[in-house]
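**Q** sequence-free structure coming up:
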Ligand SMILES: [Zn+2]
């Protein structure tokens with residue numbers, strides 16, 4: 001590279017920069033796809049309400065949450081997402097593991 005003129009070195013460095021940016025973008029896309037796979041595999045847990053009719057309702061947790069104390073049922077990511085967005089009167093997200101993040105639920109959802 002030292003035999004190159006500064007203009008030639010700059011052109012090579014710009015090409016390298018462009019290729020590295022493309023590589024970074026590809027890697028970020030792969031990370032996003034694998035993160036989604038991990039999220040789908042983790043699964044979610046619906047924890048029974050404190051007592052029947054309790055206003056807080058059932059709590060949705062990530063399957064590996066350590067704050068679960070009451071009887072549970074496994075739910076898929078789709079089901080967890082659905083109950084947290086469409087049935088919010090009877091389901092709430094655990095504040096500790098916050099499954100809303102891994103489910104991609106925002107306040108706008
Ligand atoms: Zn939790």
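**A** Perfect, I can see it now. All values derive from a computational prediction rather than experimental measurement. Numbers count the residues shown, from 1 in each chain.

**Q** what about the nearest residue to residue 43 once chain neighbours are set aside, how many neighbours?
**A** What sits nearest to residue 43 in space, not counting adjacent residues and going by C-beta to C-beta, 6 or more residues apart in numbering, is residue 63, at 4.3 Å. In short, each C-beta sits where N, CA and C put it, glycine included. Counted with other C-beta atoms under 10 Å, residues neighbouring residue 63 total 16.

**Q** was I right about residue 63 contacting residue 45?
**A** Yes. The pair residue 63 and residue 45 passes the contact test of C-beta atoms under 8 Å, sitting 5.4 Å apart.

**Q** mind checking the longest helix of this protein?
**A** With secondary structure taken from DSSP state H, the chain has its longest helix at helix 6-42.

**Q** That helix and the ion, are they touching?
**A** No. No part of helix 6-42 sits near the ion under the criterion C-beta under 5 Å from the ion; the closest distance found is 11.8 Å.

**Q** Find residues that contact each of residue 63 and residue 45.
**A** residue 74 (C-beta atoms under 8 Å, 6 or more residues apart in numbering).

**Q** starting at the chain centroid, how far to the longest helix of the chain?
**A** Remark: helix 6-42 is offset 20 Å from the chain centroid, using C-alpha atoms, centre = their mean, to the nearest Å.

**Q** So which elements touch the helix or strand that that helix is followed by?
**A** Later in the chain than helix 6-42, the nearest helix or strand by DSSP states H and E is strand 44-47. Packing partners of strand 44-47 (3 or more C-beta pairs under 8 Å, 6 or more residues apart in numbering; DSSP states H and E): strand 58-62, strand 72-75, helix 77-86.
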